[in-house]
Structures are given as C-alpha cells and as structure tokens.
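Chemist: With the sequence up front, the predicted model follows.
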Amino acid sequence: MNRSRLNLLTAHALAWSIALPYLCGYPATYDLWAYLTQGKLFWETFSVPRADADSYLPTIPWVCHNWLASALAYPIFSFGGGAAARALTYIMMVGACAFAYRAARRADASPFVALLTFVVALPAISVGAMPWRPAMFTLLFVPLLIAWLQCGRATWLIPALFVLWANLHAGVAAGLVVLGAHLLATVAADVRRRTTAASGHARLLTSAATNRLAVITFLSAAATLLNPFGLDYWKMVFVTVGGANTDITEWQPVKLFSPERLDFQVLVVATFALLAVAREKGLHRWLTLAALAAMGFRQVRDVPLFGLAVVAMLPPVAEQFIACWRERSQQPRLRTLPFVFPIAGLTVAAVVLMFWLRSEPLWLRVPAAPDPGGVYFPVGGVEFLRLNNLRGNVATFYPWAEYAAWKLHGQCRFSADGRYVTVFPQESLRVSLDFTVGRDGWRKLLDDHPTGFALVPRGSAIESRLRNEARWPQLYADAGCVVFAKDVSLARHTRTLSADLSQGHFP
C-alpha cells in the first residue's frame with residue numbers, strides 16, 4: 001500500500017471511529033413506542049392505520065404519515081428487540097453521513113477535506129441520532145438528493161424518490177425545500193446568463209436546463225400526493241410546521257446567542273463566513289444552506305439536516321484554503337515523518353473503537369427511573385397496571401403515553417401522546433399538556449373526561465397536586481412514577497411488584 005492510500009485509510013478510520021459514539025448515543029426515546037405500535041397495527045390489519053384506538057380523548061382521522069417506515073421496521077424490532085433498534089439506527093445514520101460524504105466527493109472535494117468537514121459537523125448531525133425513528137429516512141434522502149442535483153445524474157429518478165419519501169416520513173417537505181433552492185439558483189443563473197450571452201444558442205441551452213429542473217420539481221411535488229391520505233397529508237404538515245408546540249422539546253426553536261445548541265450556531269456562522277470569504281458564486285449552495293439553517297433555527301429536530309448539507313456542499317468551497325497545506329506537504333520532510341500520521345491516527349482510532357465497543361453499543365437502555373439524560377419511562381407503573389389487570393382510562397404524563405399504549409394496548413386507554421396533530425385536535429393536546437405540567441386547567445382532564453387512573457412522574461408538580469386530592473389515592477409508587485386511582489376500593493385489591501425493573505427493558 002502506497003503512502004497516500006495509507007493516509008486516506010487512516011483519515012477514514014479516525015473520522016468514522018469518532019463518529020460512531022455520536023451516531024446513537026441516546027437511550028430509548030418516547031416516540032419509539034408509537035412507531036412500534038404503528039408497525040404492529042399495519043401487520044395485524046394489513047392496512048394503513050387511520051383511526052386511533054389508544055386514547056380516550058377526542059381525536060381526528062389519523063394521518064399516519066410514516067406508516068411505511070413503521071411497517072418496514074416493525075418485523076426487525078420484533079425479531080431483534082433493542083439490539084435491532086440500535087443496529088438499524090447505526091446503519092441509517094452512517095448511511096446518511098456516507099451519502100453526504102459521497103455528495104462532497106462527487107462535487108470534486110478531496111477526501112481529506114470532506115472527512116474534516118464531516119467531523120466538524122458531527123455534533124449537529126448527532127441531534128438526529130436517537131434510537132430508530134422514521135425521520136432517519138429524511139436524513140438519508142436529503143444528502144442523496146443534493147448529490148443527484150450536484151452531479152446532474154439520476155435527476156429523473158427524483159420524482160420516484162419523492163413517492164417513496166412521502167410514505168416514509170413527512171420530512172419530504174425538506175426535500176421540496178432543497179429542490180426549490182436549486183430551481184431558484186438555476187433560474188437566477190439563467191437570467192444572469194441571458195443578459196451576458198452573445199448567442200441565442202447559449203440562451204436556449206440554459207433555458208432547457210431550467211425547464212428540465214422545473215418539470216422535475218413539479219413532478220416531485222405532485223408525487224407527494226401519492227399517499228393514503230391525499231391532501232390531508234399536507235394539511236397535517238402545515239399545521240405541524242406552522243404551530244409547533246413549545247411544550248415539546250424537539251419542536252422548540254434554537255435561540256440566537258444562547259448556550260443552547262451552541263455547536264449548531266457556531267457551525268452556521270462558520271459555514272456562511274467561509275462562503276463569504278471564498279466569494280462563493282454557487283447560488284444553490286447559499287440558498288440550500290440558508291434554507292436548512294433557517295429550518296434548524298425554527299425547530300431543533302431539523303438541525304441534523306443542516307449538518308448533513310454542510311458535509312455535502314461545503315468541502316468543495318473549502319478546498320482553496322487547504323492549498324497552502326498541500327504545497328507544504330510536498331516539500332522534503334524527515335524520513336520518519338510520513339509514518340507518524342498513520343501510526344498515531346490508527347492507534348487513536350483503535351482506542352476510540354475499543355471504548356465504543358465496551359459501551360455495549362447494541363444495548364438499548366429503557367431507563368425506569370430518573371436519568372441524567374432526562375428520559376425515563378414508567379416501567380414499574382405500567383407493569384403494575386398490567387399485573388393487576390386494571391382496566392380503564394389513564395391520565396398520563398404526555399411523553400409516557402406512547403410507551404404505556406404500546407405495553408397496555410387493548411387493556412387501557414390514555415390521554416394525548418407524542419403523535420401530536422397527526423391524531424389529536426388542539427383542544428385534546430392542550431388539556432393533556434395542562435395536566436402534564438400541572439398548570440392552570442390541569443383538572444379539566446380529570447373532570448371533563450372519564451378518567452379512572454393517573455400515571456405521573458415522581459416528584460412532579462402534578463404529583464403534588466394529586467396528593468392533595470382526597471378522591472385520588474395512591475396505588476403504586478417507585479423512584480420514577482406514581483399511579484393514582486379514582487376508585488378508592490382498588491387500593492385494597494391490588495398487589496405490588498416483586499421484579500426488579502430499575503434498569504427497564506425492551507419489550
């Protein structure tokens with residue numbers, strides 16, 4: 001193996017070993033259980049879920065926009081459990097990063113600059129590296145779409161991609177944003193060239209390219225309507241994007257000049273500073289990166305899209321700033337110097353990989369008690385309800401309802417959950433969230449709806465409020481959750497748990 005290939009191998013080993021701990025570092029997320037439920041419902045009925053059966057609050061027709069993703073993933077989860085969820089996450093996140101890297105290479109970026117950009121963007125990309133979720137298809141397809149548009153190949157496959165994308169995840173809207181940015185850039189280039197072109201032939205060629213991309217964009221937008229819900233699909237998207245609820249963490253905006261998501265803010269500033277200093281003339285880069293940065297600032301969940309776009313589009317611009325280093329690297333050096341980077345780099349990669357393997361990367365944590373990461377589940381409380389065969393409507397801490405519905409489907413019904421506006425009208429969401437945070441109006445869920453139980457976090461505001469209610473005695477409590485019941489007599493006929501559920505488990 002020659003020196004250049006050895007250096008490239010070392011660079012790849014370093015970059016990807018550093019990336020692995022970033023690409024699935026979270027415990028189980030709240031929404032994972034809803035995706036499992038959706039996939040299970042599809043395979044039980046062989047039809048797309050359209051009506052909710054797990055909530056006792058008023059609902060609307062269910063726009064299950066990620067039905068195909070859940071249907072594809074559920075058999076994998078059924079077979080492999082938590083390990084499958086982690087493995088699928090790694091595969092899709094590594095795939096998204098690989099697509100972004102490949103897009104940069106197709107745009108004539110050197111592998112070293114592309115890998116360096118990838119490592120710098122990793123913190124932003126890692127925001128999306130939660131245990132498997134359908135949004136990962138959007139993370140895969142955005143850099144793939146950028147690659148196709150940059151190289152000018154396979155562009156007629158884009159409408160077909162959008163049909164698949166629309167049925168996998170509503171993040172297809174981000175794909176239309178990317179397409180629109182490239183179309184605007186092409187139109188602007190067409191206008192600019194029309195004013196300077198000396199021949200009609202040059203004007204005709206430019207116009208043809210613009211018209212071709214316009215047709216592809218139109219067909220792609222129309223292709224998104226090939227879903228089971230028709231126009232209702234886009235009504236749901238507009239409601240979600242236009243009225244993101246600030247009670248949900250990943251829908252919150254990133255505040256400028258705040259410590260929150262500082263890595264993303266620094267990456268945005270560095271990206272546009274580099275474009276400005278390099279006097280980048282490619283308007284498609286400016287527009288695409290600006291649009292995805294704006295989406296990231298609007299809601300945290302879109303931050304990874306900007307990170308992947310940076311990896312796909314920025315390395316060719318950065319090449320000129322690496323020219324000086326390349327010139328120096330060709331000058332005479334000590335005989336041992338060429339071997340320092342491969343030896344040191346491969347050693348570091350091996351150490352990082354060893355520690356990553358020791359962290360049990362395929363073990364999916366389902367915390368059953370308050371966790372430093374802030375995510376835990378009512379494993380004990382749900383098991384208590386199941387063990388005692390308690391049936392009825394359960395007022396549930398909003399983030400927990402999806403887990404409870406997955407475990408107690410057919411036994412209990414719950415208040416609103418993280419499926420948000422795909423299932424629930426705004427009034428149901430407001431009532432459930434008022435109860436969850438214990439704010440004014442919290443009793444509405446108990447008084448105006450047929451509620452028999454309450455499942456809430458230990459030490460929360462809503463727990464202290466319920467303890468002051470004589471009609472709501474405690475049935476069960478552990479370090480993480482408390483179960484209250486409206487029927488006082490139940491307290492004498494329930495049995496406690498004997499199993500140790502402190503670590504949680506993947507069902």
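Modeler: Nice, thanks for sending it over. Bear in mind the structure is a predicted one, so any value in this text is a computation, not a measurement.
Chemist: pretty sure residue 104 is touching residue 117, no?
Modeler: Yes: counting by Cβ atoms under 8 Å, residue 104 does reach residue 117; the two are 7.0 Å apart. C-beta here means a position set from N, CA and C on the backbone, and glycine is covered the same way.
Chemist: what touches both of these two?
Modeler: 311, 314, 315 (Cβ atoms under 8 Å, 6 or more residues apart in numbering).
Chemist: Please pick the buried ones from the residues you listed.
Modeler: Buried residues within the shared contacts of residue 104 and residue 117, counting neighbours by 16 or more other Cβ atoms under 10 Å: 311, 314, 315.
Chemist: Those residues into JSON lines, with extra columns for pLDDT, secondary structure and distance to residue 35?
Modeler: Converted to JSON lines, those look like this (pLDDT from 0 to 100; DSSP: H, G, I helix; E, B strand; the rest coil; distance: Cβ to Cβ, whole Å):
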{"residue": "311", "pLDDT": "97", "secondary structure": "helix", "distance to residue 35": "26"}
{"residue": "314", "pLDDT": "95", "secondary structure": "coil", "distance to residue 35": "32"}
{"residue": "315", "pLDDT": "94", "secondary structure": "helix", "distance to residue 35": "34"}
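Chemist: residues contacting the nearest residue to residue 131 once chain neighbours are set aside?
Modeler: Of all residues beyond its chain neighbours, the one nearest residue 131 is residue 85 (4.9 Å), with distances taken as Cβ to Cβ, 6 or more residues apart in numbering. By Cβ under 8 Å, 6+ apart, the contact set of residue 85 is 28, 32, 77, 131, 132, 364, 506.
Chemist: Go again with 10 Å.
Modeler: 24, 28-29, 32, 35-36, 73, 76-77, 130-133, 362, 364, 506 (Cβ atoms under 10 Å, 6 or more residues apart in numbering).
Chemist: Quick check: end-to-end length of stretch 57-77?
Modeler: In terms of Cα to Cα, to the nearest Å, the two terminal residues of stretch 57-77 are separated by 29 Å.
Chemist: Let me see the mean pLDDT of that stretch.
Modeler: Per-residue pLDDT over stretch 57-77 has a mean of 95.
Chemist: Quick one: distance of that stretch to the chain centre.
Modeler: 16 Å (Cα atoms, centre = their mean, to the nearest Å).
Chemist: Give me the buried positions along it.
Modeler: So stretch 57-77, judged by 16+ other Cβ under 10 Å, has buried residues 57, 59-60, 62-71, 73-74, 77.
Chemist: In helices, which of those fall?
Modeler: Secondary structure from DSSP state H places 67, 68, 69, 70, 71, 73, 74, 77 of these in helices.
Chemist: Dump those residues to a markdown table, plus distance to residue 432.
Modeler: Below are these laid out as a markdown table (distance: Cβ to Cβ, whole Å):
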| residue | distance to residue 432 |
| --- | --- |
| 67 | 23 |
| 68 | 28 |
| 69 | 25 |
| 70 | 22 |
| 71 | 27 |
| 73 | 27 |
| 74 | 26 |
| 77 | 26 |
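Chemist: Please give the element, helix or strand, for residue 450.
Modeler: Using DSSP states H and E, residue 450 sits in no helix or strand.
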